[in-house]
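Student: Attaching a predicted model along with its sequence, questions to come.
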Amino acid sequence: MNGGDFLIELDNVRKAYNVGQPNEAEVLHGLDLNVARGEFMALIGPSGSGKSTLLNIVGLLERMSSGRYLLQGEEVQALDDTALTLRRRSTLGFVFQFHHLLPAFSAVENVTLPVLMAEGRVAARHEQQARELLAAVGLSRAFDKRPSELSGGMQQRVAIARALVMNPALVLADEPTGNLDTASSDEVFALLRRMHAERGTSFVVVTHDPRLAARCDRIVELVDGRIARDQKVER
């Protein structure tokens, strides 16, 4: 692959906390990692291995201490906070273990929240797109329902629709099924795979579930802030 095929390029990325203090601790130790356009990748590893830190750096939520990070060919470490926010909104979608839906908002309003934050208003076309996404994730009868009226699996489907509403190049999913029972977990993961197949969106999925990791196309394992394994999944 040449550089143009990569959505994410990380070169010798390090992350330390409390720099210069007696309790300084380096969490990521010189990571090299590329994510191809259209890839569906699992990120696994024990608690404390650096998965969330890496996801936060890729998601432009935290800055790395040193190294190089190219997002769609653009070096992001030189961007100021405002530029990082705009880049994050235009390029990335997020799905978390806890869906973080606003309880007073309907499903449609929750899905359009990223649009409201980015543009200050929600146009009719955005509401229509939200309805189309909710229908695509099997919630065509839940447009006006509040989160309290939906099951956990249904709430996570709303969160997936919300992550896709800005047509991101990459969705970062941090334990997206970790709060669900096995049946709902399988359904939500199958939905992620279907959205990937239909839209060509890249996915990086953090999971502790080896069954789900095995259903990804690539598995990257972090141990103590270093990549211990990086392999394609054989079908």
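Tutor: Nice, thanks for sending it over.
Student: ranges for the helices of the protein?
Tutor: In the chain, the helices defined using DSSP state H lie at 51-58, 81-91, 107-111, 113-119, 124-136, 152-164, 182-199, 210-213.
Student: Mind listing what's buried along the last one?
Tutor: For helix 210-213, burial by neighbour count (16 or more other C-beta atoms under 10 Å) applies to L212, A213. C-beta: built from backbone N, CA, C; applies to glycine.
Student: picking up where we left off before, could the helices of the chain be laid out in TSV, adding distance to L31 and mean pLDDT?
Tutor: Below are the helices of the chain laid out as TSV (distance: least, C-beta to C-beta, whole Å; pLDDT from 0 to 100):
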stretch	distance to L31	mean pLDDT
helix 51-58	7	92
helix 81-91	19	88
helix 107-111	33	92
helix 113-119	28	82
helix 124-136	33	87
helix 152-164	24	86
helix 182-199	24	83
helix 210-213	19	87
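Student: how about those helices in TSV, adding distance to A16?
Tutor: Shown next, in TSV, are the helices of the chain (distance: least, C-beta to C-beta, whole Å):
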stretch	distance to A16
helix 51-58	10
helix 81-91	19
helix 107-111	36
helix 113-119	31
helix 124-136	39
helix 152-164	30
helix 182-199	32
helix 210-213	28
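Student: which stretch among those helices comes nearest R14?
Tutor: When the helices of the chain are compared by C-beta to C-beta, helix 51-58 sits nearest R14, at 10.0 Å.
Student: I'd assumed E127 was in contact with V108.
Tutor: Yes: with contacts counted by C-beta atoms under 8 Å, V108 reaches E127, the gap being 6.0 Å.
Student: The two: which is more packed in?
Tutor: For V108 versus E127, neighbours defined as other C-beta atoms under 10 Å are more numerous around V108 (23 against 16).
Student: Contacts only, for the more buried one.
Tutor: E127, A130, R131, L134, F143, D144 (C-beta atoms under 8 Å, 6 or more residues apart in numbering).
Student: closest one to E24 among the helices of the chain?
Tutor: Between E24 and the helices of the chain, the shortest separation by C-beta to C-beta is 14.7 Å, and it involves helix 51-58.
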